[in-house]
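Asks: I'll drop the sequence and a predicted model, then ask my questions.
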Amino acid sequence: MIDLTIENNVAEIVLNAPGKLNSLNEDALAELSAAYDDAASAAADGRVRALLLRGEGRAFCAGRDISGVDPETDDAVAYLDGLVTPLLKKMAAFPAPTFAAAHGACLGVGLGLLIATDVVYVADSAKIGSPFAKLGATLDSGGHWLFTERLGAHRTLDLIYTADLMSGADAVAGGLFSRVFPAAELLASTRSTVERVAEGATGAFRASKELVASIRDRRLGLWDSVTEENHAQGELCSSTDYAEGFRAFQEKRPPVFRG
């Protein structure tokens, strides 16, 4: 269901249940959480300096696997609070840059996985939105926050009320995600970027990741952000990658970062 490979300092996690459009039940969420734990351990000892998340088959992730759920006894809070939210927090805190390559359906929990990832590249044909109006349920996994933050209240409620889905191109144009590619080019293009980032200054990337998270969560205004940037730079200036970057610039050669 969940595959993890580590090669050339890149961890690649694959949602591999294409027959179910990579929808996630409790067992799959536990497997995914364990894969992130394993990748984080590898990052701690320097074997992973970037991570790629993707889905196998026709979809990235169609959301929760409700095929065996009894709506009369279902405990959505236990599923979301007990399983999904801890996973999303773990993903967001991963100690290296994370990327997702998303195609096909990106719905519900699948959308949440993208929200918890640093950089998201999508196929032009991806389907993103809130289908929950058809289920008598509500958007979850951070979807309200993302849509309202980027699209505004009116567009958010339009998507929720109608259950209309955005294409990948529309999602990028609306500022939800970073870049859009033709479906046939998505994975190769994303892998190329991830491999390049894995050769970069991981400590500096981690500092920027933490700063962006603080700004996003509105803990920092402009001048508090400047102060935090200054402190982060001060910590980085004693690192070997910092010294290598300056020396390479001065010597007019490409830097060789060690992470």
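Replies: Cool, the structure landed. Residues are numbered from 1 along each chain as shown.

Asks: going forward, measure contacts between C-alpha atoms and count neighbours the same way
Replies: OK.

Asks: show me what contacts residue 22?
Replies: 15, 16, 55, 56, 59, 60, 61, 62, 63 (C-alpha atoms under 8 Å, 6 or more residues apart in numbering).

Asks: mind listing the helices for the stretch 51-200 of the chain?
Replies: Applying DSSP state H, counting those that start in this stretch to the stretch 51-200 of the chain gives helices spanning 76-79, 85-92, 109-115, 143-151, 153-162, 168-173, 183-197.

Asks: what's the most buried one of these?
Replies: The highest mean neighbour count among these, using mean count of other C-alpha atoms under 10 Å, belongs to helix 109-115: a mean of 25.

Asks: Pull the residues that contact that one.
Replies: Contacts for helix 109-115 (C-alpha under 8 Å, 6+ apart): 23-24, 60-64, 84, 88, 91, 100, 120, 128, 140-143, 146.

Asks: What of stretch 233-250?
Replies: Under C-alpha under 8 Å, 6+ apart, the answer for stretch 233-250 is 201, 203, 204, 254, 255, 256, 257, 258, 259.

Asks: Is it correct that the first one is in contact with residue 257?
Replies: Yep, that's residue 201 we're talking about. Yes. Counting by C-alpha atoms under 8 Å, residue 257 is a contact partner of residue 201 at 5.6 Å.

Asks: And these two? Which one has more around it.
Replies: It is residue 201, of residue 201 and residue 257, that has more neighbours when counted by other C-alpha atoms under 10 Å, with 22 against 16.

Asks: Nearest spatial neighbour of residue 162, chain-adjacent residues omitted?
Replies: Once flanking residues are discounted, residue 162 sits nearest to residue 133: 7.1 Å by C-alpha to C-alpha, 6 or more residues apart in numbering.

Asks: how far away is the one you found from residue 164?
Replies: 10 Å (C-alpha to C-alpha, to the nearest Å).

Asks: what residue ranges in the stretch 101-250 of the chain are flagged as low confidence?
Replies: Along the stretch 101-250 of the chain, segments meeting pLDDT under 70 span 220, 222, 225, 229, 237.

Asks: Residue 103 and residue 185 touch, don't they?
Replies: No. Contact criterion C-alpha under 8 Å: residue 103 and residue 185 do not qualify, at 10.9 Å.

Asks: So which bits of the lengthiest helix in the chain are buried?
Replies: Under DSSP state H, the helix in the chain containing the largest number of residues is helix 26-44. Neighbour counts over helix 26-44 (16 or more other C-alpha atoms under 10 Å) mark 28, 29, 31, 32, 33, 35, 36, 39, 40, 42, 43 as buried.
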